[in-house]
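Visitor: What would the 3D arrangement of this be:
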Amino acid sequence: MRVNKKKEHILDAAEALMCGIPDKDISVEMIAGKAGIAKGSIYYYFDSKDDIVNAVIERSYATAISEYFADSNDASDPLSKIKSLFRSVLRQEFCDKRKNIIVYFHVQENPVLRMKMMMTAVRTISPILAKLLAEGVQQGCIRADFPEEGSEMIIAMLTFLLDRSFFPSDSEGIYRKLKLYANVLETCMQAEKGSFDFLYSSDEAAEFMKD
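Guide: Numbering: from 1, shown residues only. Okay, the predicted model is just below:
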């Protein structure tokens with residue numbers, strides 16, 4: 001088994017265990033047994049059980065993001081695709097326990113893992129957004145001076161400031177943040193006024209803002 005495949009095999013085994021057991025109850029021995037390999041072999045790829053758990057959650061989260069953003073490919077132009085991305089964020093599909101049980105059960109009450117997931121979101125979503133911004137600039141439907149840096153700032157603002165675990169806020173506070181955020185997006189992309197009003201006025205937004 002090649003190195004990368006063996007590493008993925010270990011993560012697959014750990015993920016299978018995590019679907020039914022809290023990570024605090026999982027041991028390296030259990031993961032090795034599930035993977036059908038020697039315990040010592042695991043330490044060639046991972047420093048600790050926590051390292052394995054973190055890798056499983058990050059992989060699961062990144063996969064979910066890629067899958068739910070795939071819908072944006074059906075949009076007709078870059079700006080429409082970007083709007084589709086943000087509608088998906090409002091729906092929070094990647095945090096839905098029916099779609100991503102790993103993230104739901106192992107991240108919700110763990111602030112350290114939540115922070116890691118936010119960083120994963122920035123690393124995963126920003127390149128997608130940067131590519132769309134660049135396409136929009138090329139087609140003339142978007143104006144963005146620095147697509148790569150702008151996409152990082154846009155996603156970081158969304159993932160960090162709207163996380164109620166770190167920044168508690170009621171529905172009215174979230175509404176104001178989303179309205180300001182819509183203005184930021186319009187400014188960054190020099191888009192037509194009202195392009196992102198759905199962030200605070202749509203059904204998805206109303207659901208997102210519930211206390």
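
Visitor: Can you show me the helices along the chain?
Guide: Using DSSP state H, the helices of the chain run over 3-18, 28-35, 39-42, 49-69, 78-91, 101-107, 111-139, 147-161, 171-189, 198-201, 203-208.

Visitor: Tell me which residues of the third one come out buried.
Guide: Yep, that's helix 39-42 we're talking about. Buried residues in helix 39-42, counted by 16 or more other CB atoms under 10 Å: Ile42. C-beta: built from backbone N, CA, C; applies to glycine.

Visitor: how many other residues sit next to Leu11?
Guide: By other CB atoms under 10 Å, 21 other residues sit near Leu11.

Visitor: shouldn't it be in contact with Val53?
Guide: No. The criterion here is CB atoms under 8 Å, and Leu11 misses it with Val53 at 9.8 Å.

Visitor: picking that back up, could the helices of the chain go into a markdown table alongside mean pLDDT?
Guide: Output for the helices of the chain, formatted as a markdown table (pLDDT from 0 to 100):
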| stretch | mean pLDDT |
| --- | --- |
| helix 3-18 | 89 |
| helix 28-35 | 95 |
| helix 39-42 | 92 |
| helix 49-69 | 81 |
| helix 78-91 | 81 |
| helix 101-107 | 65 |
| helix 111-139 | 84 |
| helix 147-161 | 87 |
| helix 171-189 | 89 |
| helix 198-201 | 90 |
| helix 203-208 | 76 |
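
Visitor: check contacts around the residue nearest the centre of the chain.
Guide: With distances taken as CA atoms, centre = their mean, Ala121 lies nearest the centre of the chain, 3.7 Å away. Going by CB atoms under 8 Å, 6 or more residues apart in numbering, Ala121 touches Tyr61, Ile65, Ile155, Thr159.

Visitor: same deal with Cys141?
Guide: Asp77, Pro78, Leu79.

Visitor: swap the cut-off to 10 Å and go again
Guide: Taking CB atoms under 10 Å, 6 or more residues apart in numbering as the criterion, Cys141 is in contact with Asp77, Pro78, Leu79, Ser80, Glu135, Met189, Ala191, Glu192.

Visitor: who wins for most neighbours among those?
Guide: Met189 leads these on contacts (other CB under 10 Å) with 24 neighbours.

Visitor: Look up how far Asp170 lies from the residue nearest to Ile65 when sequence neighbours are not counted.
Guide: Excluding its sequence neighbours, the residue lying closest to Ile65 (CB to CB, 6 or more residues apart in numbering) is Thr124, at 4.9 Å. Distance, Thr124 to Asp170, by CB to CB, to the nearest Å: 29 Å.
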